[in-house]
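Participant: sequence-free structure coming up:
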């Protein structure tokens, strides 16, 4: 059997390796237009920074490695020009010699990946405007940084790559400005979590400009100034374009292969396209959501490796099938880790769920053992009690918790199930009740036990609309005096029972403390004394204090 794979990064090489493990006799050929294969695309920003010493650490495997270990013939600098499904052959050009030839296949795997989005901006073609997509592009950025000694850079876009580049350029003592068209950095997050990221960037002296866009890059022969639609001008020694990627599907499209609603190649659970014996995987292929079962395009190396393995298995008679994804992602932003999985509050509401939201602020381990606070925002379905999605920001422990939530959501966990998980506990690793357990307790209390929550945004709306509410600040007087919610009265927790007659049982009551725990205690007191409707402010005043920036 003749197997041809187009593309040699995560998905393509995974497909080749799995196909060889299944079938020792198959003739496997892999073509890639680039000079590098099987490299760590996610490591590129750290190569430009100071974390990765040499290029070879990013590209540990070459064509010779694959031939020796897997008996796979890898052809770099070979571009596939055309797929002819009727004849089951491809047309290939050797980019070094310009020779054009054809190759026959029995099974074809398309793993052409993604390419950067190139916005229509005047001056974008200048030599000091860079995209980060492969090792060669990283080499060019490194060379520019090392040879020209730039003092300033503008990054356009604030997704994973944009923020990782912000950190790594800052470590090289380059002043960084980030421009984002959306209302916040990291637009994939909910607004009330994105603000924590923005604050951390500001602490690291990264200039963040949101709700603005680049209209022109000025300077000759190199750009020296970035002009925004607001009229603002930013000096820049170079620019990094990081506005996103799109699936590289032109080759497939020309061959009559169907695209999905996301613009990526439409595949079934076996990675099959609409054309017999042609498969697709990785960043060029469409995924689907485990929660909604709807098409989803979320290009990540982890998903690409998984899809590649499935494709390699299927083309050699295996039965592996793709089960969908949650869109999980994690990124390091200086001293902060940002993790996300499942649906955001915004997405869940768009899908028609009746959502319950909580903000849980807890340390990853006891503070006496060096614990640091995490902010966990969790979204659940009020009608089924299912956990729908989680976003976490914090200095440490985020990766561990986001992966627990991924597992829980994948297997259909309800909020109460989180409390019953038997976590490993010792002070160097966790608190006695892990933050995941606390999150489940908060949501379960809100959904099933009458301990309703109100988000800062919802409370602000009530205040704005002059609704009849009574807001009780259950903190000590010193905290209240320093700052408090507009219209709140200060009744410290230990005084609430004595002063309960000063409150109206028929009027909506909203309790809060600094982070939520004492606010819940005050809520319990009011409910147990017959108050009709009592909410606890999600995440307490600490979370609410961010609301001016939301």
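Facilitator: It's in. If you're wondering where the values come from, they're calculated on a predicted model, not measured in any experiment.
Participant: Give me the pLDDT value at residue 37.
Facilitator: In this model, residue 37 is scored at 87, pLDDT.
Participant: And the least confident helix or strand in the chain by mean pLDDT, what's buried?
Facilitator: Least confident helix or strand of the chain, by mean pLDDT, DSSP states H and E, is helix 44-48 with a mean of 90. Of all the residues in helix 44-48, those buried under the rule 16 or more other C-beta atoms under 10 Å are 44, 45, 46, 47, 48. Glycine gets a C-beta too; all of them are placed from N, C-alpha and C.
Participant: hey, where'd the strands end up in the stretch 301-450 of the chain?
Facilitator: 329-333, 336-342, 355-363, 373-381, 387-394 (DSSP state E, counting those that start in this stretch).
Participant: what about the last one, distance to the chain center?
Facilitator: Yep, that's strand 387-394 we're talking about. 11 Å (C-alpha atoms, centre = their mean, to the nearest Å).
Participant: counting contacts, what elements does that strand pack onto?
Facilitator: Judged by 3 or more C-beta pairs under 8 Å, 6 or more residues apart in numbering; DSSP states H and E, the packing partners of strand 387-394 are helix 191-203, strand 336-342, helix 345-350, strand 373-381, helix 398-410.
Participant: would a markdown table of these with distance to residue 144, mean pLDDT and mean neighbour count be doable?
Facilitator: Shown next, in a markdown table, are the helices and strands packed on strand 387-394 (distance: least, C-beta to C-beta, whole Å; pLDDT from 0 to 100; neighbours: other C-beta atoms under 10 Å):
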| stretch | distance to residue 144 | mean pLDDT | mean neighbour count |
| --- | --- | --- | --- |
| helix 191-203 | 23 | 96 | 20 |
| strand 336-342 | 27 | 98 | 24 |
| helix 345-350 | 38 | 97 | 18 |
| strand 373-381 | 37 | 98 | 24 |
| helix 398-410 | 32 | 98 | 20 |
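Participant: Of the ones you listed, which is nearest residue 299?
Facilitator: Among the helices and strands packed on strand 387-394, the nearest to residue 299 by C-beta to C-beta is strand 336-342 (14.9 Å).
Participant: for the protein, what are the low-confidence residue spans?
Facilitator: Where the chain drops to pLDDT under 70, the residues are 548-550.
Participant: circling back to that earlier point, which helix or strand lies directly C-terminal to the least confident helix or strand of the chain?
Facilitator: Proceeding N to C from helix 44-48, the next assigned helix or strand is helix 63-70, under DSSP states H and E.
Participant: Who are the packing partners of that next one?
Facilitator: So helix 63-70, by 3+ C-beta pairs under 8 Å, 6+ apart, packs with helix 10-22, strand 73-76.
Participant: so which of these gets nearest residue 243?
Facilitator: Across the helices and strands packed on helix 63-70, closest to residue 243 is helix 10-22 (C-beta to C-beta), at 21.8 Å.
Participant: chain center to that closest one, what's the gap?
Facilitator: On C-alpha atoms, centre = their mean, the centre of helix 10-22 falls 26 Å from that of its chain.
Participant: again, but for stretch 300-310
Facilitator: Stretch 300-310 has its C-alpha centroid displaced from the chain centroid by 16 Å (C-alpha atoms, centre = their mean).
Participant: Just the buried residues of that stretch, please?
Facilitator: Buried residues in stretch 300-310, counting neighbours by 16+ other C-beta under 10 Å, are found at 300, 301, 303, 304, 305, 306, 307, 308, 309, 310.
Participant: Relative to residue 18, how far out is the last one?
Facilitator: Distance of residue 310 to residue 18, computed by C-beta to C-beta, to the nearest Å: 8 Å.
Participant: And for the second one?
Facilitator: The gap separating residue 301 from residue 18 is 16 Å, by C-beta to C-beta.
Participant: Out of the buried residues of stretch 300-310, which sit inside helices?
Facilitator: Counting by DSSP state H, the buried residues of stretch 300-310 place 301, 303, 304, 305, 306, 307, 308, 309, 310 in helices.
Participant: Report the two of these separated the most.
Facilitator: Maximum distance among these (C-beta to C-beta): 15.1 Å, for 301 and 310.
Participant: Skip the chain neighbours and tell me the closest residue to residue 104.
Facilitator: residue 89 (5.0 Å; C-beta to C-beta, 6 or more residues apart in numbering).
Participant: My guess is that neighbour contacts residue 108. True?
Facilitator: No - the criterion here is C-beta atoms under 8 Å, and residue 89 misses it with residue 108 at 9.4 Å.
Participant: Those two: who's more crowded?
Facilitator: Neighbour tally, residue 89 and residue 108, criterion other C-beta atoms under 10 Å: the higher count belongs to residue 108, 25 against 17.
Participant: I'd say that one and residue 6 touch.
Facilitator: Yes - using C-beta under 8 Å, residue 108 makes contact with residue 6 at a distance of 7.3 Å.
Participant: Next, show the common contact partners of these two.
Facilitator: residue 90 (C-beta atoms under 8 Å, 6 or more residues apart in numbering).
Participant: okay, which residue is most central for this protein?
Facilitator: residue 329 (3.6 Å; C-alpha atoms, centre = their mean).
Participant: Count the residues that sit near residue 370.
Facilitator: By other C-beta under 10 Å, neighbour count at residue 370 equals 13.
Participant: Quick check: it vs residue 433, distance?
Facilitator: For residue 370, the distance to residue 433 - C-beta to C-beta - is 18 Å.
Participant: Would you mind listing the buried residues in stretch 352-367?
Facilitator: Buried residues in stretch 352-367 (16+ other C-beta under 10 Å): 353, 355, 356, 357, 358, 359, 360, 361, 362, 363, 364, 365.
Participant: Can you give me the end-to-end span of it?
Facilitator: End-to-end span of stretch 352-367 (C-alpha to C-alpha, to the nearest Å): 40 Å.
Participant: Where do the strands of the stretch 451-550 of the chain begin and end?
Facilitator: Under DSSP E, counting those that start in this stretch, the stretch 451-550 of the chain gives strands at 452-454, 469-473, 489-490, 508-512, 534-537.
Participant: likewise the stretch 51-200 of the chain?
Facilitator: 73-76, 78-84, 89-94, 100-104, 107-110, 114-116, 129-131, 152-156, 175-180.
Participant: Any buried residues in the last one, and which?
Facilitator: Neighbour-count burial for strand 175-180, with 16+ other C-beta under 10 Å as criterion, is recorded at 175, 176, 177, 178, 179, 180.
Participant: again with the first one
Facilitator: The neighbour-count check on strand 73-76 (16+ other C-beta under 10 Å) flags 74, 75, 76 as buried.
Participant: Please list the residues outside that strand that contact it.
Facilitator: Under C-beta under 8 Å, 6+ apart, the answer for strand 73-76 is 8, 28-32, 34-37, 62-63, 66-67, 92, 94.
Participant: out of the residues you listed, who has the most neighbours?
Facilitator: residue 8 (29 neighbours).
Participant: wait, that one sits on residue 33?
Facilitator: No - taking contacts as C-beta under 8 Å, residue 8 lies outside contact range of residue 33: 9.3 Å.
Participant: Counting neighbours, which bits of stretch 529-548 end up buried?
Facilitator: Applying 16+ other C-beta under 10 Å to stretch 529-548 flags 531, 534-544, 546-547 as buried.
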